[in-house]
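> need a 3D model of the following:
(one chain, ligands or ions: 1)
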Amino acid sequence: MAIKHTAISYYGFNYVEHAAADFKEMKEHGCDTVILAITEFDMDFWFPNINAIVRTAHEAGLRVLADTWGIGKYFGGEQVSLFLQNNIHHRQVSAYTGEVLNHACFNTNAFRDYFTGICLKLARETEVDGFFWDEPHYAYPKGYASITGGVGDDWACRCPECMKKFEAYYGYEMPKFMNDDVKQFRWREALKTLADCSKAIKEVNPKLEITCCVHATKNSYYVTEMRGYDNWEMVAACPYFDVFSTTIINWSLPESFFKEITEKTVQIAKKYGKESERWLMGYLADPIDETQVDRIVDLYESLGVDRLASWTYRGGYGTSVAAPNPIKLWDTIGNAYKRVKK
Ligand SMILES: [Zn+2]
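As a prediction, this is how the structure comes out:
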(Lines give C-alpha, C1' and ligand atoms only; values in the text may rest on other atoms or scores of the structure.)
Protein backbone atom coordinates (compact mmCIF):
# COMPACT_ATOMS: atom_id res chain seq x y z
CA MET A 1 0.00 0.00 0.00
CA ALA A 2 1.22 3.49 -0.68
CA ILE A 3 0.01 6.92 0.28
CA LYS A 4 -0.20 8.91 -2.95
CA HIS A 5 -1.00 12.37 -1.61
CA THR A 6 -0.63 14.28 1.64
CA ALA A 7 -2.68 17.47 2.02
CA ILE A 8 -2.99 20.34 4.47
CA SER A 9 -5.61 23.08 4.52
CA TYR A 10 -4.71 26.78 4.54
CA TYR A 11 -6.60 30.02 5.23
CA GLY A 12 -4.22 32.76 4.07
CA PHE A 13 -5.00 34.85 0.97
CA ASN A 14 -3.54 38.16 1.98
CA TYR A 15 0.11 38.43 1.02
CA VAL A 16 1.82 36.27 -1.57
CA GLU A 17 5.29 36.57 -0.06
CA HIS A 18 3.95 35.35 3.30
CA ALA A 19 2.14 32.48 1.64
CA ALA A 20 5.39 31.54 -0.14
CA ALA A 21 7.09 31.03 3.23
CA ASP A 22 4.12 28.99 4.51
CA PHE A 23 4.13 26.78 1.41
CA LYS A 24 7.83 26.10 1.89
CA GLU A 25 7.05 25.03 5.46
CA MET A 26 4.29 22.72 4.17
CA LYS A 27 6.75 21.03 1.81
CA GLU A 28 9.16 20.62 4.72
CA HIS A 29 6.31 18.92 6.60
CA GLY A 30 5.86 16.32 3.86
CA CYS A 31 2.77 17.88 2.25
CA ASP A 32 2.30 17.65 -1.52
CA THR A 33 -1.12 19.33 -1.69
CA VAL A 34 -2.59 22.50 -0.20
CA ILE A 35 -6.34 22.76 0.23
CA LEU A 36 -7.17 26.47 0.04
CA ALA A 37 -10.11 27.34 2.31
CA ILE A 38 -11.69 29.97 0.09
CA THR A 39 -14.43 32.01 1.75
CA GLU A 40 -17.16 34.10 0.19
CA PHE A 41 -15.31 37.14 1.49
CA ASP A 42 -12.09 36.00 -0.20
CA MET A 43 -13.96 35.64 -3.51
CA ASP A 44 -15.54 39.06 -3.06
CA PHE A 45 -12.54 40.99 -1.73
CA TRP A 46 -9.25 39.13 -2.28
CA PHE A 47 -10.01 37.57 -5.66
CA PRO A 48 -7.24 39.48 -7.52
CA ASN A 49 -4.76 37.75 -5.20
CA ILE A 50 -6.10 34.21 -5.36
CA ASN A 51 -4.32 33.10 -8.51
CA ALA A 52 -1.08 34.68 -7.34
CA ILE A 53 -1.39 32.46 -4.25
CA VAL A 54 -2.16 29.42 -6.44
CA ARG A 55 0.89 30.08 -8.61
CA THR A 56 3.08 30.53 -5.57
CA ALA A 57 1.92 27.15 -4.25
CA HIS A 58 2.74 25.56 -7.60
CA GLU A 59 6.18 27.15 -7.58
CA ALA A 60 6.73 25.60 -4.15
CA GLY A 61 5.84 22.20 -5.62
CA LEU A 62 2.33 21.85 -4.16
CA ARG A 63 -0.86 20.78 -5.88
CA VAL A 64 -3.74 23.16 -5.15
CA LEU A 65 -7.36 22.27 -4.39
CA ALA A 66 -10.05 24.91 -3.90
CA ASP A 67 -12.28 24.30 -0.87
CA THR A 68 -15.53 26.30 -1.09
CA TRP A 69 -15.27 26.63 2.66
CA GLY A 70 -18.49 27.21 4.59
CA ILE A 71 -20.26 28.75 1.60
CA GLY A 72 -23.90 29.42 2.50
CA LYS A 73 -23.22 27.41 5.67
CA TYR A 74 -23.85 24.51 3.30
CA PHE A 75 -20.24 23.34 3.53
CA GLY A 76 -18.36 22.87 6.76
CA GLY A 77 -16.40 25.79 8.11
CA GLU A 78 -16.37 28.60 10.64
CA GLN A 79 -16.52 31.41 8.08
CA VAL A 80 -19.47 33.82 7.75
CA SER A 81 -21.66 33.73 4.66
CA LEU A 82 -22.24 36.59 2.26
CA PHE A 83 -25.08 34.65 0.62
CA LEU A 84 -26.97 34.65 3.91
CA GLN A 85 -26.11 38.31 4.45
CA ASN A 86 -27.30 39.34 1.00
CA ASN A 87 -30.42 37.15 0.72
CA ILE A 88 -33.37 36.93 3.04
CA HIS A 89 -34.89 34.11 0.95
CA HIS A 90 -33.58 30.70 -0.20
CA ARG A 91 -32.91 29.46 3.31
CA GLN A 92 -33.52 26.06 4.81
CA VAL A 93 -36.68 25.66 6.86
CA SER A 94 -37.28 23.37 9.84
CA ALA A 95 -39.88 20.70 9.00
CA TYR A 96 -41.31 20.57 12.52
CA THR A 97 -41.42 24.22 13.54
CA GLY A 98 -41.47 26.02 10.17
CA GLU A 99 -38.70 28.28 11.37
CA VAL A 100 -36.37 29.78 8.77
CA LEU A 101 -32.80 28.65 9.46
CA ASN A 102 -29.42 30.31 9.08
CA HIS A 103 -28.37 27.88 6.33
CA ALA A 104 -28.81 28.47 2.59
CA CYS A 105 -31.10 25.96 0.88
CA PHE A 106 -28.75 24.41 -1.67
CA ASN A 107 -31.68 22.93 -3.60
CA THR A 108 -32.78 26.39 -4.76
CA ASN A 109 -31.82 27.77 -8.14
CA ALA A 110 -30.58 30.93 -6.43
CA PHE A 111 -28.01 29.11 -4.32
CA ARG A 112 -27.06 26.63 -7.05
CA ASP A 113 -26.33 29.51 -9.46
CA TYR A 114 -24.38 31.38 -6.79
CA PHE A 115 -22.28 28.35 -5.83
CA THR A 116 -21.67 27.23 -9.41
CA GLY A 117 -20.73 30.80 -10.35
CA ILE A 118 -18.03 30.86 -7.67
CA CYS A 119 -16.63 27.52 -8.82
CA LEU A 120 -16.64 28.38 -12.52
CA LYS A 121 -14.89 31.67 -11.81
CA LEU A 122 -12.18 29.74 -9.98
CA ALA A 123 -12.04 27.10 -12.74
CA ARG A 124 -11.72 29.68 -15.52
CA GLU A 125 -9.65 32.41 -13.91
CA THR A 126 -7.23 30.52 -11.70
CA GLU A 127 -4.85 27.60 -12.13
CA VAL A 128 -6.20 25.42 -9.31
CA ASP A 129 -5.81 21.67 -9.82
CA GLY A 130 -9.21 20.75 -8.48
CA PHE A 131 -12.02 21.27 -6.00
CA PHE A 132 -12.78 19.93 -2.57
CA TRP A 133 -16.42 19.56 -1.42
CA ASP A 134 -16.07 20.02 2.30
CA GLU A 135 -18.72 18.30 4.45
CA PRO A 136 -21.82 19.43 2.50
CA HIS A 137 -24.93 19.05 4.65
CA TYR A 138 -28.51 19.91 5.47
CA ALA A 139 -28.93 21.84 8.70
CA TYR A 140 -30.66 18.90 10.45
CA PRO A 141 -30.61 16.21 11.71
CA LYS A 142 -27.35 15.80 13.52
CA GLY A 143 -26.11 14.92 16.97
CA TYR A 144 -25.68 11.76 18.93
CA ALA A 145 -27.85 8.83 18.07
CA SER A 146 -29.17 5.90 20.01
CA ILE A 147 -29.23 2.49 18.40
CA THR A 148 -33.00 2.22 18.70
CA GLY A 149 -33.98 5.68 17.61
CA GLY A 150 -33.41 8.30 14.99
CA VAL A 151 -30.69 10.90 15.17
CA GLY A 152 -33.14 13.68 15.85
CA ASP A 153 -36.76 14.33 15.05
CA ASP A 154 -36.62 17.64 13.26
CA TRP A 155 -35.13 17.91 9.80
CA ALA A 156 -34.56 20.32 6.91
CA CYS A 157 -35.35 21.38 4.33
CA ARG A 158 -39.05 22.11 4.03
CA CYS A 159 -38.72 25.52 2.39
CA PRO A 160 -41.28 26.65 -0.22
CA GLU A 161 -38.90 25.72 -3.05
CA CYS A 162 -38.22 22.21 -1.75
CA MET A 163 -41.92 21.70 -1.05
CA LYS A 164 -42.83 22.73 -4.58
CA LYS A 165 -40.22 20.44 -6.11
CA PHE A 166 -41.26 17.52 -3.91
CA GLU A 167 -44.93 17.86 -4.81
CA ALA A 168 -44.17 18.14 -8.52
CA TYR A 169 -42.24 14.86 -8.35
CA TYR A 170 -44.28 12.76 -5.91
CA GLY A 171 -47.75 14.24 -6.46
CA TYR A 172 -48.53 15.09 -2.84
CA GLU A 173 -47.55 17.76 -0.34
CA MET A 174 -44.16 17.25 1.28
CA PRO A 175 -44.93 15.70 4.67
CA LYS A 176 -43.59 17.00 7.96
CA PHE A 177 -42.65 13.47 8.96
CA MET A 178 -39.55 12.12 7.23
CA ASN A 179 -40.85 9.22 5.18
CA ASP A 180 -38.94 7.26 2.52
CA ASP A 181 -39.90 9.69 -0.24
CA VAL A 182 -38.46 12.59 1.78
CA LYS A 183 -35.26 10.63 2.38
CA GLN A 184 -34.89 9.89 -1.33
CA PHE A 185 -35.72 13.50 -2.25
CA ARG A 186 -33.12 14.88 0.14
CA TRP A 187 -30.39 12.52 -1.14
CA ARG A 188 -31.21 13.15 -4.78
CA GLU A 189 -31.39 16.94 -4.57
CA ALA A 190 -28.29 17.19 -2.37
CA LEU A 191 -26.27 15.13 -4.85
CA LYS A 192 -27.68 17.03 -7.83
CA THR A 193 -26.31 20.31 -6.45
CA LEU A 194 -22.76 18.93 -6.36
CA ALA A 195 -23.01 16.70 -9.44
CA ASP A 196 -24.24 19.51 -11.69
CA CYS A 197 -21.56 21.90 -10.47
CA SER A 198 -18.83 19.24 -10.80
CA LYS A 199 -19.99 18.46 -14.34
CA ALA A 200 -19.89 22.16 -15.24
CA ILE A 201 -16.35 22.43 -13.82
CA LYS A 202 -15.18 19.45 -15.89
CA GLU A 203 -16.70 20.99 -18.99
CA VAL A 204 -14.43 24.00 -18.42
CA ASN A 205 -11.40 21.78 -17.82
CA PRO A 206 -11.68 17.98 -17.63
CA LYS A 207 -8.35 17.80 -15.78
CA LEU A 208 -9.81 19.52 -12.72
CA GLU A 209 -10.06 16.90 -10.02
CA ILE A 210 -13.05 16.70 -7.67
CA THR A 211 -12.96 15.34 -4.12
CA CYS A 212 -16.22 14.84 -2.27
CA CYS A 213 -15.69 14.69 1.49
CA VAL A 214 -18.64 13.59 3.60
CA HIS A 215 -19.11 13.31 7.35
CA ALA A 216 -17.48 10.26 8.92
CA THR A 217 -20.58 8.71 10.45
CA LYS A 218 -21.53 5.07 10.78
CA ASN A 219 -24.78 5.12 8.80
CA SER A 220 -25.75 1.77 10.22
CA TYR A 221 -28.92 -0.24 9.68
CA TYR A 222 -30.54 1.51 12.62
CA VAL A 223 -29.24 5.04 12.50
CA THR A 224 -27.90 7.37 9.84
CA GLU A 225 -26.94 10.98 10.13
CA MET A 226 -29.45 12.06 7.48
CA ARG A 227 -27.67 15.25 6.47
CA GLY A 228 -27.96 14.55 2.76
CA TYR A 229 -24.70 12.75 1.94
CA ASP A 230 -24.98 9.80 4.31
CA ASN A 231 -25.85 7.42 1.46
CA TRP A 232 -22.19 6.79 0.64
CA GLU A 233 -22.88 4.39 -2.22
CA MET A 234 -24.93 7.05 -3.97
CA VAL A 235 -22.28 9.74 -3.42
CA ALA A 236 -19.33 7.59 -4.50
CA ALA A 237 -21.18 6.47 -7.63
CA CYS A 238 -21.34 10.05 -8.94
CA PRO A 239 -19.33 10.01 -12.18
CA TYR A 240 -17.98 13.55 -11.69
CA PHE A 241 -16.17 12.82 -8.42
CA ASP A 242 -12.60 11.48 -8.54
CA VAL A 243 -11.91 11.02 -4.83
CA PHE A 244 -14.22 9.73 -2.10
CA SER A 245 -13.20 11.22 1.23
CA THR A 246 -14.59 10.95 4.76
CA THR A 247 -13.88 13.65 7.26
CA ILE A 248 -12.06 14.09 10.56
CA ILE A 249 -12.60 11.81 13.54
CA ASN A 250 -11.82 13.35 16.91
CA TRP A 251 -8.71 11.82 18.50
CA SER A 252 -10.71 10.90 21.60
CA LEU A 253 -13.01 8.48 19.77
CA PRO A 254 -12.24 4.75 19.96
CA GLU A 255 -9.68 3.50 17.46
CA SER A 256 -12.15 0.76 16.46
CA PHE A 257 -14.28 3.59 15.08
CA PHE A 258 -11.37 4.92 12.99
CA LYS A 259 -10.94 1.40 11.61
CA GLU A 260 -14.61 0.89 10.83
CA ILE A 261 -14.98 4.22 9.03
CA THR A 262 -11.75 3.74 7.09
CA GLU A 263 -12.56 0.20 5.95
CA LYS A 264 -15.91 1.37 4.64
CA THR A 265 -14.43 4.46 2.98
CA VAL A 266 -11.83 2.40 1.11
CA GLN A 267 -14.29 -0.33 0.17
CA ILE A 268 -16.82 2.09 -1.31
CA ALA A 269 -14.19 4.19 -3.06
CA LYS A 270 -12.73 1.06 -4.69
CA LYS A 271 -16.15 -0.23 -5.69
CA TYR A 272 -16.78 2.92 -7.73
CA GLY A 273 -13.25 3.34 -9.07
CA LYS A 274 -12.35 6.38 -6.95
CA GLU A 275 -9.34 7.12 -4.83
CA SER A 276 -9.98 7.13 -1.08
CA GLU A 277 -8.99 9.81 1.39
CA ARG A 278 -8.93 9.85 5.18
CA TRP A 279 -8.38 12.82 7.48
CA LEU A 280 -6.29 13.63 10.53
CA MET A 281 -7.43 16.11 13.14
CA GLY A 282 -4.78 18.82 12.96
CA TYR A 283 -6.56 21.48 15.01
CA LEU A 284 -8.74 21.91 18.13
CA ALA A 285 -7.58 18.82 20.03
CA ASP A 286 -4.29 17.09 20.69
CA PRO A 287 -3.93 13.33 20.17
CA ILE A 288 -4.58 11.24 23.28
CA ASP A 289 -0.92 10.16 23.48
CA GLU A 290 2.46 10.64 21.80
CA THR A 291 2.07 7.78 19.34
CA GLN A 292 -1.57 8.09 18.29
CA VAL A 293 -0.88 10.07 15.10
CA ASP A 294 1.53 7.38 13.90
CA ARG A 295 -0.86 4.59 14.88
CA ILE A 296 -3.75 6.13 12.95
CA VAL A 297 -1.58 6.92 9.92
CA ASP A 298 -0.32 3.32 9.92
CA LEU A 299 -3.90 2.08 10.22
CA TYR A 300 -4.98 4.20 7.24
CA GLU A 301 -2.05 3.01 5.16
CA SER A 302 -2.57 -0.65 6.08
CA LEU A 303 -6.25 -0.45 5.10
CA GLY A 304 -5.38 0.84 1.63
CA VAL A 305 -6.16 4.56 1.91
CA ASP A 306 -4.80 6.45 -1.12
CA ARG A 307 -4.62 9.95 0.33
CA LEU A 308 -4.15 11.62 3.69
CA ALA A 309 -5.32 15.10 4.56
CA SER A 310 -5.23 17.23 7.68
CA TRP A 311 -7.01 20.34 8.91
CA THR A 312 -5.12 22.68 9.24
CA TYR A 313 -1.75 24.46 8.72
CA ARG A 314 0.20 24.87 11.98
CA GLY A 315 -2.50 23.15 14.04
CA GLY A 316 -4.77 26.19 13.70
CA TYR A 317 -2.19 28.33 15.56
CA GLY A 318 -3.61 31.77 16.36
CA THR A 319 -7.28 30.85 15.75
CA SER A 320 -10.18 30.14 18.10
CA VAL A 321 -9.95 26.49 17.16
CA ALA A 322 -6.22 25.94 17.63
CA ALA A 323 -5.02 22.67 19.15
CA PRO A 324 -3.67 23.08 22.71
CA ASN A 325 -0.16 22.47 21.33
CA PRO A 326 -0.65 23.49 17.70
CA ILE A 327 2.95 23.59 16.48
CA LYS A 328 3.77 20.27 18.13
CA LEU A 329 0.73 18.69 16.47
CA TRP A 330 1.70 20.18 13.09
CA ASP A 331 5.23 18.80 13.45
CA THR A 332 3.92 15.37 14.47
CA ILE A 333 1.62 15.20 11.44
CA GLY A 334 4.45 16.45 9.23
CA ASN A 335 6.76 13.69 10.47
CA ALA A 336 4.06 11.08 9.84
CA TYR A 337 3.50 12.44 6.32
CA LYS A 338 7.22 12.28 5.54
CA ARG A 339 7.36 8.71 6.84
CA VAL A 340 4.58 7.30 4.66
CA LYS A 341 4.51 9.49 1.53
CA LYS A 342 5.95 7.53 -1.35
ZN1 LIG B 1 -35.22 23.98 0.67
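> what is the neighbour count of Ile8?
By the criterion of other CB atoms under 10 Å, Ile8 has 29 neighbours. Heads up, the C-betas are built off the backbone N, CA and C, glycines and all.
> for it, phi and psi?
Ile8 adopts backbone torsions of phi -140, psi 140, taken as degrees, to the nearest 10.
> please name the nearest non-neighbouring residue to it.
Spatial nearest neighbour of Ile8, chain neighbours left out: Cys31 (4.7 Å); criterion: CB to CB, 6 or more residues apart in numbering.
> which SS class is that neighbour?
Secondary structure for Cys31, judged by DSSP: H, G, I helix; E, B strand; the rest coil, is coil.
> flag every residue of the stretch 101-250 of the chain that's near the ion.
Cys105, Asn107, Cys157, Cys159, Cys162 (CB under 5 Å from the ion).
> my read: Cys105 touches Cys159, true?
Yes - taking contacts as CB atoms under 8 Å, Cys105 lies within contact range of Cys159: 4.9 Å.
> what's the closest non-adjacent residue to the most centrally placed residue in the chain?
Central residue of the chain (CA atoms, centre = their mean): Asp134, 1.4 Å from the mean position. Nearest residue to Asp134, sequence neighbours excluded (CB to CB, 6+ apart): Phe75, at 4.6 Å.
> what pLDDT does that neighbour get?
Looking at Phe75, its pLDDT is 97.
> show me what contacts it?
Asp67, Thr68, Trp69, Trp133, Asp134, Glu135, Pro136, His137 (CB atoms under 8 Å, 6 or more residues apart in numbering).
> Leu65 is in contact with the fifth one, correct?
Put plainly, it is Asp134. No - the criterion here is CB under 8 Å, and Asp134 misses it with Leu65 at 9.9 Å.
> next, count neighbours for Leu82.
Neighbour count of Leu82, defined by other CB under 10 Å: 17.
> what about the residue nearest to it when sequence neighbours are not counted, neighbour count?
Spatial nearest neighbour of Leu82, excluding adjacent residues (CB to CB, 6+ apart): Glu40 at 3.9 Å. Glu40: 22 surrounding residues under other CB under 10 Å.
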